[in-house]
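[1] Okay, predicted coordinates and the sequence, questions at the end:
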Amino acid sequence: MSTPPSIAQYKKNIEERHFKAYKCLKCGAVIAPPAGTCYACGGNKMGWTDVSGKGKLVSFTVIHVPPDEFAAEAPYVVAVVRLEEGTSVTARLIGVDPLKPRDLKIGLPLVMDYEKGKSGKVYLAFKPA
């Protein structure tokens, strides 16, 4: 059996630029961020899995007034991305102009990337494919 899901390990994987999701060993559903129970079948045997890094834009917002920790990075775009594997993740959207949100279209093909913020922290990010 795999190690229990851990948000700390999930964040560490992102910091190391090696995103992983959780996969249900019973039904194969992919989940991110990790959870102890499968959303699809209720199973509780889970393991880490790599993902393709491909997805589509589901939703987004432009952050103009961020928490103090991210003030120097505003404005920036936060997106909900549906991965090819079926799960959705929230991440930064890079390679787009946050001052032109009308240029973004729901369904836009995206690829996974990472962004190092001004704080030095590494974030999960996506950019247009």
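    Sure, I can see it. Only a predicted model underlies this, so the values are computations on that prediction, with no experimental measurement involved. Numbering: from 1, shown residues only.
[2] What strand or helix carries the residue nearest in space to the middle of the chain?
    With distances taken as CA atoms, centre = their mean, the chain has residue 89 as the residue nearest its mean C-alpha position (3.7 Å). Under the criterion of DSSP states H and E, residue 89 resides in strand 88-93.
[3] Likewise for residue 120?
    Using DSSP H and E, no helix or strand contains residue 120.
[4] hmm, back to that, going by neighbour count, which residues of the helix or strand following the strand holding residue 89 are buried?
    Next helix or strand after strand 88-93 toward the C-terminus (DSSP H and E): strand 109-116. Going by neighbour count (16 or more other CB atoms under 10 Å), the buried part of strand 109-116 is 110, 112, 113, 114, 115. The way it works is simple: take the backbone N, C-alpha and C, and place the C-beta from them, glycine included.
[5] Just to check, the fourth one is in contact with residue 125?
    Right, the one you point to is residue 114. Yes - between residue 114 and residue 125 there is a contact under CB atoms under 8 Å: 5.6 Å.
[6] Now do the strands in this structure.
    Counting by DSSP state E, the chain has these strands, from start to end: 21-24, 30-31, 46-49, 54-63, 76-83, 88-93, 109-116, 122-128.
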